[in-house]
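Peer 1: Sequence and predicted model, in that order:
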Amino acid sequence: MKALRRLVASALQVVVTIALVAWVLSRNDAPAVLDHLRAVELRWLAAAAGMMAVSVLLGAWQWERLLVVQGVRASARRLLRAYSLGMFLNFVLPTGVGGDFVRAVAVQRDTKSGARGVAATLLDRFVGLFTLAFFAFAASLLLVAGDHDPLFERMALLTGLVSLGFCVVAAILFSRRFLGWFAPLTRWVGEGRLLSTARDLRGAFLEYRTNPGPVLQVVGLSLVVQFQRIVVHAFCAQALGLSIEFAWFLLFVPIVSLVSILPVSVGGWGLREGTQKTFFALPGVMIGVSADMAPSLALAQALLASLVGMTIPALVSAIVGIFISMRGEPDPSGTPERNP
């Protein structure tokens with residue numbers, strides 16, 4: 001029965017995804033969107049692809065740094081493959097975080113790390129969201145200080161305050177005292193596997209409180225990684241010949257990323273592109289573009305960024321997987337281990 005419910009839920013998400021994509025295209029000039037995509041400047045598209053590839057490498061390193069704090073060690077190639085595969089699966093699994101679950105399972109299979117590997121993976125995603133919220137707050141300050149329409153300035157200020165609130169809440173949630181408040185709850189509701197896992201996760205998270213150096217390094221890496229992925233959107237816009245103030249990318253891309261996590265469609269498709277199109281098609285965002293042309297160009301830019309974000313991690317995962325199969329994989333002790 002549970003399997004049937006999961007199958008029905010997945011089928012519904014596929015239907016919702018198709019409906020969302022169809023609705024987004026129907027609300028815009030689909031032939032014009034395809035024309036824009038066919039006219040892409042390849043040099044800017046190559047720059048976007050290269051930037052995404054570098055961000056995948058640095059993102060895998062960021063995850064590896066969090067795993068090291070937990071005493072979890074795996075080969076860099078296996079971690080890179082799991083990380084890039086997880087990024088790709090975030091675009092094709094029913095939720096926008098399904099790929100994170102897959103890479104947590106992968107590191108558990110390779111290292112038998114239990115809650116420690118899960119904690120590192122959860123914190124890796126959380127740090128990324130924290131960094132995106134920080135960029136949105138910084139962008140709101142830039143836009144409010146600039147010469148923009150008062151409505152845009154109020155919208156930017158509101159978004160910035162929400163982002164700042166997220167950062168503050170994140171800091172509170174990560175405090176030892178806050179985590180300690182949940183410990184007595186286990187005695188009230190009884191023992192169980194879920195509660196035991198929750199306590200293991202709490203203990204694993206507290207490891208990061210006693211190792212602030214690596215965590216600060218991870219935050220620094222996250223700033224670089226998330227900035228690069230925002231730049232990918234800017235390069236995709238350049239590939240379409242669009243002129244957009246970079247602060248709008250800093251403001252809108254984090255919001256779109258958060259919206260795409262909602263478990264409504266498969267990999268956020270339709271929801272992500274529709275939200276991004278709505279923001280970037282606002283009057284005055286795309287300089288020199290008429291109101292009639294803005295929606296189709298904004299949708300083309302959203303689709304191009306999504307395709308780059310999905311394709312490049314898939315290629316990295318495939319290439320690393322082939323390399324591992326052909327060359328073998330050293331274990332942590334340094335002894336070569338051939339893959340079957």
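Peer 2: Great, that's in hand.
Peer 1: what sits against the closest residue to Ala294 other than its chain neighbours?
Peer 2: Of all residues not flanking Ala294 in the chain, Ala281 sits nearest, at 4.3 Å (Cβ to Cβ, 6 or more residues apart in numbering). Any C-beta I mention is one placed from the backbone N, CA and C, and that applies to glycine too. For Ala281, the contacting residues are 294-295, 297-299, by Cβ atoms under 8 Å, 6 or more residues apart in numbering.
Peer 1: Pick out whichever of the residues you listed sits closest to Ala247.
Peer 2: Ala298 (16.5 Å; Cβ to Cβ).
Peer 1: For that closest one, give me its contacts.
Peer 2: Going by Cβ under 8 Å, 6+ apart, Ala298 touches 276-281, 286.
Peer 1: one more time with 7 Å, if that's ok
Peer 2: 276-277, 280-281, 286 (Cβ atoms under 7 Å, 6 or more residues apart in numbering).
Peer 1: Just the buried positions in whatever helix or strand it lives in, please.
Peer 2: Counting by DSSP states H and E, the element that carries Ala298 is helix 294-327. Across helix 294-327, burial judged by 16 or more other Cβ atoms under 10 Å covers 294-310, 312-317, 320-321, 324.
Peer 1: Assumed Leu122 was part of a strand.
Peer 2: No: using DSSP: H, G, I helix; E, B strand; the rest coil, the assignment for Leu122 is helix, not a strand.
Peer 1: Which pLDDT value goes with it?
Peer 2: Leu122 carries a pLDDT value of 81.
Peer 1: how close does it get to Asp292?
Peer 2: For Leu122, the distance to Asp292 equals 45 Å [Cβ to Cβ, to the nearest Å].
Peer 1: Of those two, which one has the most company?
Peer 2: Shown here are Leu122 and Asp292; by other Cβ atoms under 10 Å, Leu122 has more neighbours (18 against 9).
Peer 1: dump the residue contacts of the more buried one.
Peer 2: No contacts exist for Leu122 under Cβ under 7 Å, 6+ apart.
Peer 1: OK, contacts around the closest residue to Leu242 other than its chain neighbours?
Peer 2: Residue nearest to Leu242 in three dimensions, not counting chain neighbours: Met286, with 5.5 Å by Cβ to Cβ, 6+ apart. Contacts for Met286 (Cβ under 7 Å, 6+ apart) come out as 242, 244, 280, 294, 297-298.
Peer 1: What score does Met286 have for pLDDT?
Peer 2: pLDDT at Met286 comes out at 90.
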